[in-house]
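Participant: Everything below, folded, please.
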Amino acid sequence: MARKFKIPTAFALFTFLLLPISYEIGILDFRAADSAFGLSTKSNPVGTNLIVEIAKKQNPAVVFVTSKIKFQPARGNAPQPFGRFAPPHDGRSFTPPSRPRSGTGSGFIIDHDGHILTNNHVVENADIIKVTLQNGKEYDARLVGSDPKTDVALIKIIEENGERTSFPFMSMGDSEKVAVGEWVVAIGNPFGLSHTVTTGVVSAKGRNIGSGPYDEFIQTDASINPGNSGGPLLNMNGDVIGINTAIFSGSGGNMGIGFALPINMAKAILDDLKEKGKVTRGWLGVMIQRITPALQTSFNLENANGALVNDIVPNSPADRGGMKRGDVITRFDGVEITSVEKLPKQVASVKPEKSVKVEVIRHGKSKILDIKIKAMKEEQPA
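Facilitator: Numbers count the residues shown, from 1 in each chain. Model prediction:
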């Protein structure tokens, strides 16, 4: 099963993949090569068996995920005799019950207890979740928490009859240190082909593909296809640096352009998923827009960095903190706002009730505001 969506800058389709995630067996000890290396790893796979070792050690932590939504008749309509459905006779419209729906994907184990990270779209609304390990053993799993905004879900293996297993797991690396051009390995279940290993390089970082408000994908040419969704993207230390999530494709298959959610984004929400089952994000309460060359000239700005405030939600944190329409937000909680896309991510990362310093340019002069961030509710602006 795969989800596809369009972005305005291209006519091809992005396809969400369903892949199993990998378990981690500890930090691998590999010799560093003499050639240039990426910031997240000092290892070079060329001319070595490094990728063979990664696959051998990390495959046991990758799982094949299957999900199923049970058959449920539409509300207000009962099945008729002989399994047929007849429309009501009072002129109302009739919706037949939907059929059971199932999906497949990948995931990876992140601790000995059997917690697994995968994509939300792999298990969304599922009544039944099952995971299969490399050794063929199948387990039921339960949803611990999910976050549709980043397409991350946390599930956990349910052990049978008091069984207590110490599962192999993967360690999570630092996606901020990933460098363009460094080697990566993807493991998953493309088209149901269990524990498929592919390799490539990081093609780009910080890609916005139009899938959500927090897009910041790692682009890779490692071959990933439908069924890889939720699986790990690994560096040459064997650490997870991303969760394979989408592909750029006009045919539904691999074209050498895949996208992985940076693992730091998943790590940042992991505690919320475990403790509350959902993510609580910070809320500022502003409508913002990009600074165009015309606006830069109009506001007499030195550059086009920052986010222009074009509206403020009444009684919001921004309103209470003294922010005004026309302010240009240049720094938030110590982080420089280099683009309009960066502000929502920074606001969301702040814990509710925390007071932060927000630097704005107002009438050509810099001004610092103290703003107490509140919890974001569904459908609220940043």
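
Participant: alpha carbons only for contacts and neighbour counts from here, please
Facilitator: Fine.

Participant: What does the pLDDT read for residue 86?
Facilitator: pLDDT, residue 86: 36.

Participant: wait, I meant residue 289
Facilitator: 94.

Participant: Could you measure from it over to residue 308?
Facilitator: 5 Å (Cα to Cα, to the nearest Å).

Participant: Can you check which residues contact both of those two?
Facilitator: residue 340 (Cα atoms under 8 Å, 6 or more residues apart in numbering).

Participant: So for these two, which sits in the more crowded spot?
Facilitator: residue 308 (27 against 16; other Cα atoms under 10 Å).

Participant: neighbouring strands for the helix or strand containing residue 66, and are they parallel or not?
Facilitator: Element membership for residue 66 (DSSP states H and E) is strand 62-69. Looking at strand 62-69 with DSSP bridges, its partner strands are strand 101-109 (antiparallel), strand 128-132 (antiparallel).

Participant: Next secondary structure element downstream of the longest one?
Facilitator: In other words, strand 101-109. strand 115-119.

Participant: before we move on, the earlier item: which stretch in the strands paired with strand 62-69 has the least confidence?
Facilitator: strand 101-109 (a mean of 88).

Participant: Let me know the angle separating that strand from strand 115-119.
Facilitator: 130 degrees (axes from the mean of the first three to the mean of the last three Cα atoms, to 10 degrees).

Participant: let's number from 53 now, not from 1
Facilitator: Yep, numbering from 53; the last one is strand 153-161 now.

Participant: Now do the strand holding residue 118, average pLDDT.
Facilitator: On average, strand 114-121 scores 94.

Participant: For the stretch 203-352 of the chain, which segments count as helices?
Facilitator: Assigned by DSSP state H, counting those that start in this stretch, the helices in the stretch 203-352 of the chain fall at 315-328, 345-350.

Participant: Give me the distance between the residue nearest to residue 201 when sequence neighbours are not counted and residue 197.
Facilitator: Counting by Cα to Cα, 6 or more residues apart in numbering, residue 264 is the residue found nearest to residue 201 once chain neighbours are left out, at 6.1 Å. Distance check for residue 264 against residue 197: by Cα to Cα, it reads 18 Å.

Participant: more crowded one of the two?
Facilitator: Higher neighbour count among residue 264 and residue 197: residue 197, with 21 against 12, using other Cα under 10 Å.

Participant: so where is this protein shaky, pLDDT-wise?
Facilitator: 53-91, 123-153, 430-434 (pLDDT under 70).

Participant: any idea how far the longest strand seen in it is from the chain center?
Facilitator: If you go by DSSP state E, the chain has its longest strand at strand 248-259. On the basis of Cα atoms, centre = their mean, to the nearest Å, strand 248-259 is displaced by 15 Å from the centre of the chain it belongs to.

Participant: Partner strands of it and their direction?
Facilitator: strand 235-240 (antiparallel), strand 269-272 (antiparallel).

Participant: Give me whichever of the ones you listed is most buried.
Facilitator: strand 235-240 (a mean of 30; mean count of other Cα atoms under 10 Å).

Participant: outside of it, which residues touch it?
Facilitator: 71-74, 96-97, 103, 111, 114-116, 157-159, 246-254, 274-276, 279-281, 283-288, 296.

Participant: Stretch 307-326 too?
Facilitator: 196-199, 202, 204-206, 224-228, 268-276, 285, 292-301, 330-332, 401.

Participant: follow-up on the earlier one: most packed of the helices of the stretch 203-352 of the chain?
Facilitator: helix 315-328 (a mean of 17).

Participant: so how far is residue 250 from the residue nearest to residue 177 when sequence neighbours are not counted?
Facilitator: In space, and not counting its chain neighbours, residue 177 is closest to residue 121: 6.8 Å by Cα to Cα, 6+ apart. Per Cα to Cα, residue 121 is found 31 Å from residue 250.

Participant: same thing with residue 93?
Facilitator: Counting by Cα to Cα, the gap from residue 93 to residue 250 is 18 Å.

Participant: of the two, who's got more company?
Facilitator: Set residue 93 next to residue 250 and count neighbours by other Cα under 10 Å: residue 93 wins out with 20 against 17.

Participant: In three-state terms, how would the more buried one be classified?
Facilitator: When classified by DSSP: H, G, I helix; E, B strand; the rest coil, residue 93 comes out as coil.
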